[in-house]
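Asks: Mind looking at a prediction? Sequence and model below.
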There are 2 protein chains.
Amino acid sequence: MGKNVTFSDIAKYTNFSKTTISRYFNNPDSLSDETKQKVRDALDALNYHENKVAKILARGKTEFIGVIAPNFFFPYYTSVLNSILDTYRDYGYKFIVFLENDNSEEERKYISELLSYNIEGLIVLSHTLPSHELQQLGIPAVAIEREDEFISSVNTNNFKGAVLAVEKLIGDGCEFLIHINSHNPEDKKMPAYARIYGFEETCKKHGIPNKEFFVSLSNNHEDYFKKVSEIYSEAKEICCGKKAGIFCSNDIIAVDFLNAAFLDGRKIPEEFEIIGFDDSPQARQAIIPLTSVRQNTVEIAKSAMELLVKQMDKGKRSKPKSVVTTLEHIVVEPQLAERQTTF
Amino acid sequence: MGKNVTFSDIAKYTNFSKTTISRYFNNPDSLSDETKQKVRDALDALNYHENKVAKILARGKTEFIGVIAPNFFFPYYTSVLNSILDTYRDYGYKFIVFLENDNSEEERKYISELLSYNIEGLIVLSHTLPSHELQQLGIPAVAIEREDEFISSVNTNNFKGAVLAVEKLIGDGCEFLIHINSHNPEDKKMPAYARIYGFEETCKKHGIPNKEFFVSLSNNHEDYFKKVSEIYSEAKEICCGKKAGIFCSNDIIAVDFLNAAFLDGRKIPEEFEIIGFDDSPQARQAIIPLTSVRQNTVEIAKSAMELLVKQMDKGKRSKPKSVVTTLEHIVVEPQLAERQTTF
């Protein structure tokens, strides 16, 4: 199959020296067009398979990008990964994927592996390592929806997402607003934290009474449902008959709230309107299809690749290889996917 | 950071020739222990970073495995990918992941890229390329839940999964059984097709009247729901008051059927019992948590890695590199995850 064609074979076939053949691969500009054509013909004749590994050694271009995601519990991560993998068709980069499962030591070990493969860039969706540590790696890196003080990033306009949801609830006549969020209220550096500010400021602007609830993250769904059901009971008390609008920071919470209210005989969207975040498959398959803030994961992945390519190109032009220090933070606009939990 | 330490630097530091340094990396057994120790000390002193790419060229061991999945529409694929990525902790292999999105030409191009990176093995979940084509690649390869005539594979015991579900429905007193499947009835080579045989044989064994429905695959959920709602209406007619048991080939169909029946005022599990397949997040978040056949994706991923490692080891021992021709087909047992759509 030509897999074992060596430089010697090509040299023999062309009557060039091995050095010339090596130059063809490593420094083609040093050869005449005629010589290059002869080598090319020989490669065809010998059925030579391109060996990327040889090319890597020669030019340092692996076409590899490392992707680190936290988990697949939230469909958001799956959706972003899907969109990242699909950029292969436009950019040709190959993705080495790792799930960090909340273990920063594993993540460090993995990154060190990736570096030893000369990856050209890194896309980080996980939260365990601070961005100044990622910056120190000295390779092009882009954060998606995580703390991004020291590296470039792509985030959804989370504030805007919350505003879209809350304006919709108010426009539909909700008199009391509730926000349920799965983030730790301490973690103000997460871009998604802006969903809370968006909720608060929009309520304030319109003078609507409101309350916030926090449920801590858990990979165990029964836990989650129990907590959200308790919040539902409390919410019902607080609203005491007023029409309530519920904005949740993800669809998992929103569907749980919807189920709790529906099973309790509430009319949706007449008594409760509910809006989730992420527009996940769960939103579409809910007993009443859920209105949700849709993050544009295709655009997010595309922007991340554009940022990376820009950094990689700059790295190539300057010698010695320098790392871009100008940070860029791209913000991608979300949309409201309206379904039947709102009017 | 020592990233640019070259063989020349190491040679200078140790007073060895560059050839000796090259031997250290490529053929260490040709050097004395003393020499090796001196080189090792120099690497430490110079803060030399392991360069896997050099190691790859030297030994042909990339520690890369290619993974090709069809899509992330079915949570089953996400779950298997999650489990495959998690085997990094036990095996150290890195995964280059590709989604084929039903395009065999793209898939061929991608596989050729993977080969040029000297991947050591391939895990194939996608269906577009026939297994004899995958066999011809001449590298260790394992299929998961797809046609596997010419390559080794790991599949769920799909027949058993169906038997578990149908026996449960019959045991709960269902008098009429319905199976809804998303496969093309022509596609008998897919392992999942055995769910149909399992349904048919168990119905026959117990003499229970039954009917099968097929809905064609679609990435558009509204389409799916409409079709499943029509099946629900027809099923209601056919059963005319008898208690019906519904076994679906995936949770998406099962949740849609559940929603259609629930919204139509049916009592579940009193009038209809429903069992899905895959035990996906959708099953847990259904309005009535769905009983579902759980595939053991952790075991599936582990078995796939074991098969690959076995093939890779055999390839290493024999010279010239030969590909294993003995096929192994591992079958992983499913379980019934019982929730509230059955008694």
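Replies: Perfect, I can see it now. What you are looking at is a predicted structure, and each value in this text was computed from that prediction instead of being measured.

Asks: use CA for all of it now, contacts and neighbours both
Replies: Will do.

Asks: Which single residue of the stretch 101-250 of chain A approaches chain B most closely?
Replies: residue A:116 (4.9 Å; Cα to the nearest Cα).

Asks: Likewise for chain A?
Replies: When scored by Cα to the nearest Cα, chain A has residue A:96 as its residue closest to chain B, at 4.5 Å.

Asks: okay, the helix or strand where that residue lies in PDB with CA atoms only?
Replies: Per DSSP states H and E: residue A:96 is located in strand A:94-99. Extracted C-alpha coordinates of strand A:94-99, given in PDB (Å, rounded to 0.1, in the frame of the first residue of the first chain):
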ATOM      1  CA  LYS A  94      -8.400  17.500  14.200                       C
ATOM      2  CA  PHE A  95      -9.600  17.400  17.800                       C
ATOM      3  CA  ILE A  96      -8.200  15.500  20.700                       C
ATOM      4  CA  VAL A  97     -10.900  15.500  23.300                       C
ATOM      5  CA  PHE A  98     -10.700  15.100  27.000                       C
ATOM      6  CA  LEU A  99     -13.400  15.200  29.800                       C
END
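
Asks: element containing residue A:112, please.
Replies: Per DSSP H and E, residue A:112 falls inside helix A:104-116.

Asks: angle of that helix against strand A:94-99?
Replies: Taking axes from the mean of the first three to the mean of the last three Cα atoms, to 10 degrees, one finds helix A:104-116 and strand A:94-99 inclined to each other by 170 degrees.

Asks: Go through helix A:104-116 and flag the buried ones.
Replies: By 16 or more other Cα atoms under 10 Å in any protein chain shown, the buried positions in helix A:104-116 come out as A:107-108, A:110-111, A:113-116.

Asks: I figured residue A:95 was touching residue A:65, is that so?
Replies: Yes: using Cα atoms under 8 Å, residue A:95 makes contact with residue A:65 at a distance of 5.0 Å.

Asks: Could you tell me which residues make contact with the closest residue to residue A:299 other than its chain neighbours?
Replies: By the measure of Cα to Cα, 6 or more residues apart in numbering or on different chains, the closest residue to residue A:299 outside its immediate chain neighbours is residue A:332, 7.0 Å from it. For residue A:332, the contact set (Cα atoms under 8 Å, 6 or more residues apart in numbering or on different chains) comprises A:154-157, A:295-296, A:299-300.

Asks: Per-residue pLDDT of residue A:332, please?
Replies: pLDDT, residue A:332: 98.

Asks: Bridge partners for it, pull those for me.
Replies: Taking DSSP bridges as the rule, residue A:332 bridges to residue A:156.

Asks: pLDDT weak spots in the stretch 51-200 of chain A?
Replies: Residues of the stretch 51-200 of chain A meeting the criterion pLDDT under 70: A:51-60.

Asks: show me where it has strands.
Replies: In the stretch 51-200 of chain A, the strands defined using DSSP state E, counting those that start in this stretch lie at A:64-69, A:94-99, A:121-124, A:141-144, A:152-156, A:176-181.

Asks: Counting neighbours, which bits of the second one end up buried?
Replies: So that's strand A:94-99. Going by 16+ other Cα under 10 Å, strand A:94-99 has these buried residues: A:94-99.

Asks: coming back round to it: other residues contacting the strand holding residue A:96?
Replies: Contacts to strand A:94-99, defined as Cα under 8 Å, 6+ apart, come from residues A:63-71, A:85, A:88, A:110, B:82, B:85-86, B:94-98.

Asks: just to revisit the earlier point, narrow the contacts of residue A:332 to just the buried residues.
Replies: Neighbour-count burial (16+ other Cα under 10 Å) is assigned, among the contacts of residue A:332, to A:154-157, A:295-296, A:299-300.

Asks: For residue A:275, give its distance to residue A:164.
Replies: 10 Å (Cα to Cα, to the nearest Å).

Asks: Pull up the overlap in contacts between those two.
Replies: Each of residue A:293 lies in contact with both residue A:275 and residue A:164 under the rule Cα under 8 Å, 6+ apart.

Asks: that older thread, ok, now how distant is the residue of the stretch 101-250 of chain A closest to chain B from residue B:62?
Replies: As judged by Cα to Cα, residue A:116 and residue B:62 stand 11 Å apart.

Asks: Residue A:114 now?
Replies: When distance is defined by Cα to Cα, residue A:114 is 12 Å away from residue B:62.

Asks: Using PDB, write down the CA coordinates of stretch A:16-36.
Replies: The C-alpha coordinates for stretch A:16-36 follow below in PDB (Å, rounded to 0.1, in the frame of the first residue of the first chain):
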ATOM      1  CA  PHE A  16      18.300  12.500  -6.200                       C
ATOM      2  CA  SER A  17      20.200  12.400  -2.900                       C
ATOM      3  CA  LYS A  18      18.300  11.600   0.300                       C
ATOM      4  CA  THR A  19      19.100  15.200   1.400                       C
ATOM      5  CA  THR A  20      17.200  16.500  -1.600                       C
ATOM      6  CA  ILE A  21      14.200  14.300  -0.700                       C
ATOM      7  CA  SER A  22      14.300  15.500   2.900                       C
ATOM      8  CA  ARG A  23      14.400  19.100   1.600                       C
ATOM      9  CA  TYR A  24      11.300  18.400  -0.500                       C
ATOM     10  CA  PHE A  25       9.400  17.700   2.700                       C
ATOM     11  CA  ASN A  26      11.100  20.100   5.100                       C
ATOM     12  CA  ASN A  27      12.100  23.100   3.000                       C
ATOM     13  CA  PRO A  28      10.600  22.800  -0.400                       C
ATOM     14  CA  ASP A  29      11.300  26.400  -1.300                       C
ATOM     15  CA  SER A  30      15.000  25.500  -1.500                       C
ATOM     16  CA  LEU A  31      14.300  23.300  -4.500                       C
ATOM     17  CA  SER A  32      13.700  24.200  -8.200                       C
ATOM     18  CA  ASP A  33      10.200  23.700  -9.600                       C
ATOM     19  CA  GLU A  34      11.600  21.000 -11.900                       C
ATOM     20  CA  THR A  35      13.100  19.000  -9.000                       C
ATOM     21  CA  LYS A  36       9.900  19.400  -7.000                       C
END
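
Asks: Please say whether there is contact between that stretch and chain B.
Replies: No: using Cα under 8 Å from any Cα of the partner chain, stretch A:16-36 stays clear of chain B, with a minimum separation of 14.7 Å.

Asks: to the chain's geometric centre, what's the distance from the strand holding residue A:96?
Replies: Chain-centre distance of strand A:94-99: 12 Å, with Cα atoms, centre = their mean, to the nearest Å.

Asks: Make sure residue A:329 is actually in contact with residue A:156.
Replies: No: taking contacts as Cα under 8 Å, residue A:329 lies outside contact range of residue A:156: 10.4 Å.

Asks: Give me the pLDDT for the spatially closest residue to residue A:263 that is not a sequence neighbour.
Replies: Residue nearest to residue A:263 in three dimensions, not counting chain neighbours: residue B:287, with 7.9 Å by Cα to Cα, 6+ apart. Looking at residue B:287, its pLDDT is 97.

Asks: now swap in residue A:1 and tell me
Replies: Listed pLDDT for residue A:1 reads 34.

Asks: same question, residue A:278
Replies: pLDDT for residue A:278: 95.

Asks: do the one 3 residues further on as well
Replies: According to the predicted model, the pLDDT of residue A:281 comes to 90.
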